[in-house]
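> quick one, what's the 3D model for this:
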Amino acid sequence: MSIKANLRGCDHFSRLLRSLLILLLCMLPIGEIPAEQLPWGESRQERHIKGDPFGKHFHLGRFLSEDRIDIKNNLDNLRDSLESYQPQTPLEITRDELKKRMAHCGRLFVNKKRAHAAIYVYINYLRVKYYNMIMELKKTFLELASKKEVPGDLQKVYWRQCEDELLRDLQTMENVSERYFQSLMNNNVIFAVQFNWTLGAHETYWFSDMYEKECKWRRILSDRANNYILR
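Below you'll find the model as predicted:
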């Protein structure tokens, strides 16, 4: 057999090997949403802020347009949405259920209709996490401020500054999510491994950013309460 024929055979074998590796990667749970290491726990349930469109005809654009909160002129809509969220109400989705929804999008190739609905639920899931962070921050600040005898009116001023910025940041984060997932869904074909990796990377970004914001405002509010001098 000639050298040229040997090379053709090697090239055919390498292409076959690459195809098999891609197939194996797509079947493995690489990049899936990781189990949380935070104190929420797997048994903690999360509530949908909006209705659950999973399994219905749904397009990501509906979340991006109708359900997106506008803060160009004011923060009233965002604040109303936050205040209407009641953490003590019966919650509807566990983290395990969320992961099953993501897996239901496909093992090898992603079903786009299912993916749109799953992304909608996923973004609302993240919004609940953000709301919980804001409410816990507020509770901690008001307790400390009351202990330090900071007047109620001044407490409201301090908290309003914090809340306004956090809600603006939430909108920015959701706009980033919009571009992030819309770019993914614009692909003609989406591999499951690509979809899972994208969700995992996005969640890492979201919680990292949220943690930085929480630490920043916890420090600012703590300093304001501790440095208040009773007049």
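
> which parts of this protein are helices?
3-27, 60-65, 76-84, 95-103, 112-147, 152-185, 192-226 (DSSP state H).

> so where's this protein uncertain?
Within the chain, the segments meeting pLDDT under 70 span 1-94, 230-231.

> roughly how far apart are residue 207 and residue 147?
According to CB to CB, to the nearest Å, residue 207 and residue 147 sit 30 Å apart. For every residue, glycine as well, the C-beta is placed using N, CA and C.

> these two: who's more crowded?
residue 207 (16 against 10; other CB atoms under 10 Å).

> surely that one and residue 130 touch.
No: using CB atoms under 8 Å, residue 207 is not in contact with residue 130; the gap is 9.7 Å.

> can you count the residues close to the residue lying closest to residue 177 once chain neighbours are set aside?
Leaving out its chain neighbours, the residue that sits closest to residue 177 by CB to CB, 6 or more residues apart in numbering is residue 123, at 5.7 Å. Applying other CB under 10 Å, we find 23 residues neighbouring residue 123.

> related to what we said a few turns ago, hey, which of the helices of the chain is tucked in deepest?
Mean neighbours per residue, mean count of other CB atoms under 10 Å, is largest over those for helix 112-147, with a mean of 19.

> quick one, it and helix 95-103 angle?
For helix 112-147 against helix 95-103, the angle by axes from the mean of the first three to the mean of the last three CA atoms, to 10 degrees is 150 degrees.

> and helix 112-147, what does it pack onto?
Helix 112-147 sits against strand 45-46, helix 60-65, helix 95-103, helix 152-185, helix 192-226, with contacts defined as 3 or more CB pairs under 8 Å, 6 or more residues apart in numbering; DSSP states H and E.

> in JSON lines, list those along with distance to residue 139.
Output for the helices and strands packed on helix 112-147, formatted as JSON lines (distance: least, CB to CB, whole Å):
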{"stretch": "strand 45-46", "distance to residue 139": "19"}
{"stretch": "helix 60-65", "distance to residue 139": "29"}
{"stretch": "helix 95-103", "distance to residue 139": "23"}
{"stretch": "helix 152-185", "distance to residue 139": "11"}
{"stretch": "helix 192-226", "distance to residue 139": "11"}
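
> nearest to residue 116, out of those?
helix 60-65 (4.9 Å; CB to CB).

> residues contacting the closest residue to residue 162 other than its chain neighbours?
Leaving out its chain neighbours, the residue that sits closest to residue 162 by CB to CB, 6+ apart is residue 217, at 4.9 Å. By CB atoms under 8 Å, 6 or more residues apart in numbering, the contact list for residue 217 reads 137, 162, 165-166.

> pull up the gap between residue 217 and residue 151, please.
20 Å.

> what's the answer for residue 177, then?
39 Å.

> and residue 198, by the same measure?
48 Å.

> what do you get for residue 162?
Distance from residue 162 to residue 151, by CB to CB: 17 Å.

> do residue 102 as well
Taken as CB to CB, the span from residue 102 to residue 151 is 48 Å.

> what's the answer for residue 111, then?
57 Å.

> cool, and residue 138?
In terms of CB to CB, residue 138 sits 17 Å off from residue 151.

> now do residue 117
With distances taken as CB to CB, residue 117 is found 48 Å from residue 151.
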